[in-house]
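[1] Task: produce atomic coordinates for the following.
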Amino acid sequence: MVFEESALKRLRRYREEADLSLEVRRGIEETTRRFCERLFGGLEYAAALGRRSGFGMETERARDVLVLRVEVVPGAGARLTLGLVGGAAAEIDEDLMHEDLSRYSLDPSGYSGRILGWSEEAEEPSQTFAVYGDGVWKTKGHFVAKARGQVDDPDEVLNGFCLRIVGRLVDLASLTGGVGKRWSDEPYTLPDLLSGKEHPTEIRWPH
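    Below is the predicted model of the structure:
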């Protein structure tokens, strides 16, 4: 009986710790989803303003994924795909790390959720968002080099941030704002030329 009582006491403590950890992680995931909804809404609003300004802009949303397309003129466009990846984990990127945490903090309260963005010219994410349970979000990437805010920031603040992203997408479509295109080192053969295949190029983002 002594062992059983001791074992039950320990297991109940494990149960409490597990419940607390799961609750914290669920909170981070819910906060990340809430920010994702606001971010997507802000980009949809900025795209609507872009259409009123003479750009071809459209958005397509499917639950946790938003595709934003920009066309400056026919044949000159760009696309950004943003998606909520789900889950929560300790942040290891110093540029995205919460100011109160370190790379060695593996406590769930220091975990972040992630939203990633890809431009059509890159296989790796072009923009990364880290969202924390206390409402802090941070981002870095090609579209916005570095920024931070709160999930509950006023609409005007978040919409202004989304306008920066849309503006950068226009830069990508029109190759302005320091964005450029250069010839790729990928092979290009005579049969490629004769078949009408375009020579591969790659986007160069400003540093």
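[2] residues contacting the residue nearest the centre of the chain?
    In the chain, the residue lying closest to the centroid (Cα atoms, centre = their mean) is L116, at 2.9 Å. Applying Cβ atoms under 8 Å, 6 or more residues apart in numbering to L116 gives the contacts L82, G83, V85, P125, Q127, T128, F129. C-betas here are computed from N, CA, C, even on glycine.
[3] Following the chain past the strand or helix carrying the first one, name the next helix or strand.
    L82 is part of strand 76-84, with elements assigned from DSSP states H and E. Counting by DSSP H and E, the element after strand 76-84 in chain order, helix or strand, is strand 89-90.
[4] Neighbouring strands - and their directions - for that next one?
    Applying DSSP bridges, strand 89-90 is found paired with strand 111-119 (antiparallel).
[5] how far off strand 76-84 does the strand it pairs with point, in degrees?
    Strand 111-119 and strand 76-84 are oriented at 160 degrees to each other (axes from the mean of the first three to the mean of the last three Cα atoms, to 10 degrees).
[6] got the domain boundaries for the chain?
    2-175, 177-207 (automatic domain parsing).
[7] Throw those into JSON lines and include mean pLDDT, thanks.
    Listed next are these as JSON lines, based on pLDDT from 0 to 100:
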{"stretch": "domain 2-175", "mean pLDDT": "90"}
{"stretch": "domain 177-207", "mean pLDDT": "88"}
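[8] Buried deepest among the ones you listed, which one?
    Per-stretch averages of neighbours, counted by mean count of other Cβ atoms under 10 Å, single out domain 2-175 among the domains of the chain, with a mean of 16.
[9] Would you agree G50 is in contact with G167?
    No - with contact defined as Cβ atoms under 8 Å, G50 does not reach G167; the gap is 9.1 Å.
[10] Next up, the contacts around the nearest residue to R34 once chain neighbours are set aside.
    Distances taken as Cβ to Cβ, 6 or more residues apart in numbering place V151 nearest to R34, at 5.9 Å, with adjacent residues excluded. Residues near V151 by Cβ under 8 Å, 6+ apart: T31, R34, F35, R38, V131, G135, V136, W137.
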